[in-house]
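Participant: need a structure here:
(2 chains)
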Amino acid sequence: MVKKSDPIKTAARRIRNAVNSARPCKPIRDLIKKDDLEAAYKIQTLNTETWISEGRRPVGRKVGLTAKTVQKQLGVDQPDFGMLFADMEFCDGDEIDASLVMQPRAEGEVAMVLDNDLLHEQLTLVDLLDSVAYVLPAIEIVGSRIANWDITITDTIADNASSGLYVLGTKPVHLSDIDLRMCGMVMENKGQQVAVGAGAACLGNPLNAALWLARKMVEVDMPLLAGDVIMSGALGPMAPLSKGDVIEVRISNIGTVQAYFGDGT
Amino acid sequence: MIDIAKIAKVVDDAARNAKAIPQISAKHKISVEQGYAIQSAAFSRRMARGETQVGIKMGFTSRAKMLQMGIDDMIWGRLSDNMLIEDGDEINLSDYVHPRAEPEIAFLLGRTINHPCTAAEALAAVDAVAPAIEIIDSRYKNFKFSLADVVADNSSSSGFIVGSWALAETDLSNLGMILDFNGRPVQIGSSAAILGHPIRSLTAAARIAAAAGEPLQAGWIIMAGGATAAESLKPGVTVRNSVQDLGFAGFKVSD
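Facilitator: So this is what the prediction gives:
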């Protein structure tokens, strides 16, 4: 009798192989049921566990699909999440090896840093407000291990929410000094405007995205903890990125963050 | 031979009676220059009916829109007192052909600018800034037009709403802007979408107006151009443009 292979393991391996070979793979949706988000998260979690066992340090989460338009495109009515690892973090002004991310695209976001664990089963906005130590302007470089970004909702969830790396500004700003809903965002590539938006584009308010995440993490028994970073979701459209590009994101009343995508030398 | 006065009457009547007309360019080959001559003549008809000019509007102020239209400069139109809708007031769709709302920023000029100027000079001439909404309403069927057509039709301008005036010192480079219908965001953007900085729209207005021999006057309102795509108005909606650090402007559409 031929032993049937575990589709979750097969899918997770397909994505890890893409990472290890630096070559995009075909979608994983053929391996699980259509719209089986639970299975997709199982694939993500399996890879997360594998990577942690290999020594990668988890440092927070990203929220994806925070724009209504993107949710519509993928036929879902909720965001998704992925894991952030320490090796994905870069500092304002860094030169970054463009080949680190497959099929990269840039987004302007607000990063939040927690100084409390968010453990309660019925988390409120006030719990969150009390737990955000500070926010930073951030660039998220998303990427897909799935060839040609040919993704459905399950493909992107399994693929760690299409995360790549992220660049943080370095001047902490406190929530008491800003209205995240109204903050304007402009993203430039080599001085050319490539995207504009505002806080409201991220689920109405980046805090809504963060609260969704915090509740979800309690639900799946992986709660957000003090020190965790939250990449809360794009404030405007994403822009394609290639070697030689210089991305700058300015978020009004929060700050500016920039990165150069070179060959890492 | 193009009869400017005759075409101006057609365009003016279309605006006055809220009745769509075919594109002028479908019948006459008109240049952009002739488009402006028609706009001027049509606006003179408004003045003859007792309206006064209170400013100008800038159009095609986003790179995306310029690319979309295949042009490399902005367009402008004239604003009259009759086109001003009070903040919070109600409008009737029957007064328009197919109106859309665009979130904007308005400048109030404290000084006349009678020459092309730098951004610093433009800023020095500004008394105040305000969140604003422009009601654009092409009088052409299906909102379809050539560049010369839209210019002749007062660059689609048909109404404007200005919120509370704020100090001109406000940094306008990247203010979040949210256009909402009945409290739901329908367009979200930043003032950075207006030529990278709305002040550039004002310097462009000064240049274009001076070249047209009608320099920007003290006391005029300059509508800097849309920060997002325009949104079609529907019966019964309450429309609001909220601008970070500035406040909001709004109006209601009758049921």
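Participant: alpha carbons only for contacts and neighbour counts from here, please
Facilitator: Fine.
Participant: State the helix or strand in which B:V54 lies.
Facilitator: Assessed by DSSP states H and E, B:V54 sits inside strand B:53-59.
Participant: pLDDT on that strand, on average?
Facilitator: For strand B:53-59, the mean pLDDT works out to 97.
Participant: In terms of secondary structure, what does that strand contact?
Facilitator: Other elements packing on strand B:53-59 under the criterion 3 or more C-alpha pairs under 8 Å, 6 or more residues apart in numbering or on different chains; DSSP states H and E are strand B:75-80, strand B:221-223.
Participant: closest to chain A out of those?
Facilitator: Among those, the nearest to chain A by C-alpha to the nearest C-alpha is strand B:221-223 (19.6 Å).
Participant: who does the following helix or strand past the closest one touch, helix- and strand-wise?
Facilitator: Counting by DSSP H and E, the next helix or strand C-terminal to strand B:221-223 is strand B:231-232. With contacts taken as 3+ C-alpha pairs under 8 Å, 6+ apart, strand B:231-232 sits against strand B:100-109.
Participant: all helices for the chain, in order.
Facilitator: All of this is about chain A. A:7-21, A:37-53, A:68-74, A:125-129, A:153-158, A:206-219 (DSSP state H).
Participant: meant chain B actually
Facilitator: Going by DSSP H, chain B shows helices at B:4-17, B:32-48, B:63-69, B:119-125, B:147-152, B:198-211.
Participant: Now do the second one: everything it contacts.
Facilitator: When contacts are defined by C-alpha atoms under 8 Å, 6 or more residues apart in numbering or on different chains, helix B:32-48 is touched by residues B:4-5, B:7-9, B:11-12, B:52-53, B:77-78, B:147-154.
Participant: For that helix, C-alpha coordinates in PDB please.
Facilitator: Coordinates of each C-alpha in helix B:32-48 appear next as PDB, following Å, rounded to 0.1, in the frame of the first residue of the first chain:
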ATOM      1  CA  VAL B  32      -7.000  74.200 -26.800                       C
ATOM      2  CA  GLU B  33      -6.500  77.900 -27.300                       C
ATOM      3  CA  GLN B  34     -10.000  78.200 -28.800                       C
ATOM      4  CA  GLY B  35     -11.300  76.100 -26.000                       C
ATOM      5  CA  TYR B  36     -10.100  78.800 -23.600                       C
ATOM      6  CA  ALA B  37     -11.600  81.500 -25.700                       C
ATOM      7  CA  ILE B  38     -14.900  79.700 -25.600                       C
ATOM      8  CA  GLN B  39     -14.600  79.300 -21.800                       C
ATOM      9  CA  SER B  40     -13.900  83.000 -21.400                       C
ATOM     10  CA  ALA B  41     -16.900  83.900 -23.600                       C
ATOM     11  CA  ALA B  42     -19.100  81.500 -21.700                       C
ATOM     12  CA  PHE B  43     -18.000  82.900 -18.400                       C
ATOM     13  CA  SER B  44     -18.700  86.500 -19.700                       C
ATOM     14  CA  ARG B  45     -22.300  85.400 -20.100                       C
ATOM     15  CA  ARG B  46     -22.400  84.400 -16.500                       C
ATOM     16  CA  MET B  47     -20.900  87.800 -15.500                       C
ATOM     17  CA  ALA B  48     -23.500  89.500 -17.700                       C
END
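Participant: Just want the angle from that helix to helix B:4-17.
Facilitator: Per axes from the mean of the first three to the mean of the last three C-alpha atoms, to 10 degrees, the angle that helix B:32-48 makes with helix B:4-17 is 60 degrees.
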